[in-house]
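Asker: Build the 3D model from these lines:
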Amino acid sequence: MKHTLAVLVENRPGVLTHISGLISRRAFNIESIAAGYTEEADTTRITISVEVESEVELEQVVNQLSKLVDVIKIVNLTYVESIERELALIKVKASKTNRSDLVNVVEIFRAKIIDVNRETVAIELTGEESKIDAFCEVLLDFGIIEIVRTGKIALSRGPVPAKDM
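Answerer: Here you go, the predicted model:
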């Protein structure tokens with residue numbers, strides 16, 4: 001089962017390496033990991049999507065992460081009502097004959113064309129993982145040249161921030 005963890009850490013060099021290393025040494029699969037600044041300058045938020053076999057394994061991951069000195073707080077957003085998004089940039093073949101069809105597909109998925117040249121189109125799409133997967137599936141017909149995805153980021157709904165959960 002996949003779980004989404006919001007890990008608040010002190011903003012120091014090497015913290016992300018320690019966290020990803022700890023999880024991989026325990027042979028748990030990291031589906032995605034994304035780190036970025038928060039509203040507090042000395043705090044970084046790391047969103048980890050981890051796949052584990054059971055709640056016991058998830059508890060092991062959380063307990064091991066909690067032991068790291070730089071970890072301030074860990075919140076499991078899997079069971080909390082939350083908003084999850086991912087960003088994808090996709091470069092697709094675009095000829096004169098299929099460009100209008102490609103534009104229609106982009107509009108249907110509410111994506112944005114961010115770069116155009118004679119042979120390719122670069123597209124930006126944000127949304128849930130399943131939306132991006134479905135969009136990529138449709139784009140296969142056009143010829144995907146390159147894809148880059150950020151991995152999941154998540155935010156709980158409501159007025160309570162992760163640091164207070």
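
Asker: what's the helix or strand for the nearest residue to A94 once chain neighbours are set aside?
Answerer: Computed as Cβ to Cβ, 6 or more residues apart in numbering, the closest residue to A94 that is not its neighbour in sequence is V121, at 4.2 Å. The C-beta positions use only the backbone N, C-alpha and C, and glycine is treated the same way. Per DSSP states H and E: V121 is located in strand 120-127.

Asker: about what we covered before: the residue nearest to A94 and E51, how far apart?
Answerer: Per Cβ to Cβ, to the nearest Å, V121 is found 33 Å from E51.

Asker: tell me what the strand holding V121 is packed against?
Answerer: Helices and strands touching strand 120-127, by 3 or more Cβ pairs under 8 Å, 6 or more residues apart in numbering; DSSP states H and E, are strand 82-93, helix 99-108, strand 112-116, helix 129-139.

Asker: got a list of contacts for the second one?
Answerer: Yep, that's helix 99-108 we're talking about. V92, A94, K112, I113, V121, I123, F135, V138, L139, F142 (Cβ atoms under 8 Å, 6 or more residues apart in numbering).

Asker: coming back round to it: tell me the most buried of the helices and strands packed on strand 120-127?
Answerer: strand 82-93 (a mean of 18; mean count of other Cβ atoms under 10 Å).

Asker: Strand partners (parallel or antiparallel) of that strand?
Answerer: strand 120-127 (antiparallel), strand 144-149 (antiparallel), strand 153-156 (antiparallel) (DSSP bridges).

Asker: Same list (those strands) but as TSV, adding mean neighbour count, mean pLDDT and distance to L22.
Answerer: Formatted as TSV, the strands paired with strand 82-93 follow (neighbours: other Cβ atoms under 10 Å; pLDDT from 0 to 100; distance: least, Cβ to Cβ, whole Å):
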stretch	mean neighbour count	mean pLDDT	distance to L22
strand 120-127	19	97	29
strand 144-149	13	96	23
strand 153-156	18	92	20
